[in-house]
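> Just a sequence and a predicted model for now, questions to come.
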Amino acid sequence: MDYKDRSNFNNPLLISTAAAALLFTLTGLVLLWQRFPPRRKFYR
């Protein structure tokens, strides 16, 4: 963070990179959920 000059450091490249990282993380979690589905335990 730029505390000295107080300039805006939220440029479009940083925002788009953070959004892409969030998208890739969510996509990875969905793929992981599909690959290893939760097993249901049936009690008798």
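Right, received. Where do you want to start?
> Could you pull out the helices in the chain for me?
For the chain, helices defined by DSSP state H occupy the ranges 12-35.
> Centre-most residue in it?
Residue closest to the average C-alpha location in the chain (Cα atoms, centre = their mean): L22, at 2.6 Å.
> what about that residue, distance to D5?
Distance, L22 to D5, using Cβ to Cβ, to the nearest Å: 28 Å. For every residue, glycine as well, the C-beta is placed using N, CA and C.
> go on, T27?
Going from T27 to D5 by Cβ to Cβ gives 37 Å.
> between these two, which one's more packed in?
Taking other Cβ atoms under 10 Å, T27 and D5 do not tie; T27 has more neighbours (10 against 7).
> do you know how far the more buried one is from I15?
With Cβ to Cβ as the criterion, T27 and I15 are 19 Å apart.
> can you count the residues close to I15?
The burial count for I15: 10, using other Cβ under 10 Å.
> give me every residue that touches it.
By Cβ atoms under 8 Å, 6 or more residues apart in numbering, no residues touch I15.
> what's the answer for G28, then?
G28 makes no contacts at all, as judged by Cβ under 8 Å, 6+ apart.
> A21 versus that one, what's the distance?
11 Å.
> Give me the number of neighbouring residues for A18.
11.
> pLDDT score for D2?
Note on D2: pLDDT of 62.
> Show me where this protein dips below the pLDDT cut-off.
For the chain, the stretches flagged by pLDDT under 70 are 1-2, 44.
> If we use 80, what do you get?
Counting by pLDDT under 80, the ranges of the chain that qualify are 1-9, 41-44.
> Let me see the backbone angles for P38.
Main-chain torsions, P38, degrees, to the nearest 10: phi -70, psi 140.
> quick one: it and K4, what's the gap?
Here P38 is placed at a distance of 50 Å from K4 (Cβ to Cβ).
> and stretch 8-26, C-alpha only, in PDB?
Below are the C-alpha coordinates for stretch 8-26, written out as PDB (Å, rounded to 0.1, in the frame of the first residue of the first chain):
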ATOM      1  CA  ASN A   8      -4.600   4.900  -6.100                       C
ATOM      2  CA  PHE A   9      -2.900   1.500  -6.500                       C
ATOM      3  CA  ASN A  10      -6.100  -0.300  -7.500                       C
ATOM      4  CA  ASN A  11      -5.400  -0.400 -11.300                       C
ATOM      5  CA  PRO A  12      -7.400  -2.500 -13.700                       C
ATOM      6  CA  LEU A  13      -4.600  -5.100 -14.000                       C
ATOM      7  CA  LEU A  14      -4.600  -5.800 -10.300                       C
ATOM      8  CA  ILE A  15      -8.400  -6.000 -10.100                       C
ATOM      9  CA  SER A  16      -8.600  -8.300 -13.100                       C
ATOM     10  CA  THR A  17      -5.900 -10.600 -11.800                       C
ATOM     11  CA  ALA A  18      -7.600 -10.800  -8.400                       C
ATOM     12  CA  ALA A  19     -10.900 -11.600 -10.000                       C
ATOM     13  CA  ALA A  20      -9.300 -14.300 -12.200                       C
ATOM     14  CA  ALA A  21      -7.600 -15.800  -9.200                       C
ATOM     15  CA  LEU A  22     -11.000 -16.000  -7.400                       C
ATOM     16  CA  LEU A  23     -12.600 -17.500 -10.400                       C
ATOM     17  CA  PHE A  24      -9.900 -20.100 -10.800                       C
ATOM     18  CA  THR A  25     -10.200 -21.000  -7.100                       C
ATOM     19  CA  LEU A  26     -13.900 -21.400  -7.300                       C
END
